[in-house]
Structures are given as structure tokens and as C-alpha cells.
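# Have a look at this prediction, sequence included:
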Amino acid sequence: MKMREQFQPATTLATPPTSTTEKAAEMDAPVQPPKDAPLKGVRSNLVQSIRAFHVHELHDAAKALGQHFLYANLAQAQTKQDVLEMIAQQFTFPTHFGKNFDALYDCMTDPLHKSGPQPGFIVVLEQIPATAKFDKEAREQLLDIFRDAADYWGDRKVPFRCFYSFR
């Protein structure tokens, strides 16, 4: 008799059977993409056209990744000074910002690095002007500042992605 008691089936720990309705609801639930899905396949340190992305997706990706999101809409800018002022205002740079390309680079790198570990950056420069007062050379200089910042942060193993569009 004791032998027979030893081989009695144990209480199962399986989950209770689910109803057909619950199974159908589970199957209809959307598959959640990974947190960084909008940035999948995008190098962690680069400057590129925003063409394949929407600003709200980049904002959501930054939030999901715990990274800084910096956005500047430059639609009203006409000159280099306008561009720098609008970036400074929208990125909330300190009031002593020098409003030149060297100062822009400095604000995007060194003070941030000195303030402690950084989780990463997603930067959007929307509608960079293409005017006589902000010509191709000025646009390239601006993007070079952000390329240099991407290299700076890349050397420190911190993601820095900058997306831009021209007006």
C-alpha cells in the first residue's frame, strides 16, 4: 500500500485552461516592436537625413531608450545668426552661448560630458534653411559640427544620432 501512495499523481502546477475568447484576444494583440525599433539598423553615432523617420518616432525612441531628445525647427531662420539663435533657444543653451559654430560644438560636447555620464542623444534639425544668406557652405559647416559631436560622443561610447531636413 505504501508503494501505491508513492506513485499517486502530484497536483499539477499548470496554468488553468484559458477560454477560447481569451486565446483569441491574445492572438489579436499587436506584437510590440522592440524599444529601439525605429532606430534598428541605424548606427549609434551619425548625422543623416531624416527622410525615413518621423519626428514623433524619434522622440518616442529617445524616450524609450532613456536618451536626450534635442529638437530645433529652423523654418523661420534665414541666416547663420538666426540658425544659431534658434538652436540655442530650442536646445536651451546657457545665456552665455557665443552664437558661433565653435560655441555650438562646445555646447554639444564638453559641458555635457563634464556633467556626468550621458545616456545618449537623438538630435533633430528640421527645415535647415537653403537661402542665399545660409548657403551650401554654411549648411555643411553646421552639419560638420554635428558630425564632430557624433565623433566626440562615439569616442566615449555614447550614442549620438542627428537627423536633419532642408527647407
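Right, received. Where do you want to start? Numbers count the residues shown, from 1 in each chain.

# Return the residues in contact with the closest residue to His68 other than its chain neighbours.
Closest residue to His68 apart from its sequence neighbours, by Cβ to Cβ, 6 or more residues apart in numbering: Phe121 at 4.8 Å. Placement of C-beta: from N, CA and C, glycine included. With contact taken as Cβ atoms under 8 Å, 6 or more residues apart in numbering, Phe121 is in contact with 62, 67-70, 153, 158-162.

# So which residues of this structure form strands?
45-49, 68-73, 121-128, 160-166 (DSSP state E).

# To Gln89, which of these lies closest?
Gln89 sits nearest to strand 68-73 of all the strands of the chain, at 8.3 Å, using Cβ to Cβ.

# Need the contact partners of the closest one.
Contacts of strand 68-73 (Cβ under 8 Å, 6+ apart): 55, 58-59, 62-63, 86-87, 90-91, 118-127.

# and Gly66, how many neighbours?
9 (other Cβ atoms under 10 Å).

# wait, I meant Gly116
That count, for Gly116 with other Cβ under 10 Å as the rule, works out to 6.

# Looking at the protein, which helix is longest?
helix 136-155 (DSSP state H).

# pLDDT on it, on average?
Per-residue pLDDT over helix 136-155 has a mean of 97.

# Return the distance of that helix from the chain's centre.
Distance of helix 136-155 from the chain centroid (Cα atoms, centre = their mean, to the nearest Å) equals 17 Å.

# That one packs against which elements?
strand 45-49, helix 80-90, helix 101-108, strand 121-128, strand 160-166 (3 or more Cβ pairs under 8 Å, 6 or more residues apart in numbering; DSSP states H and E).

# Before I go, just wanted to say thanks for your time.
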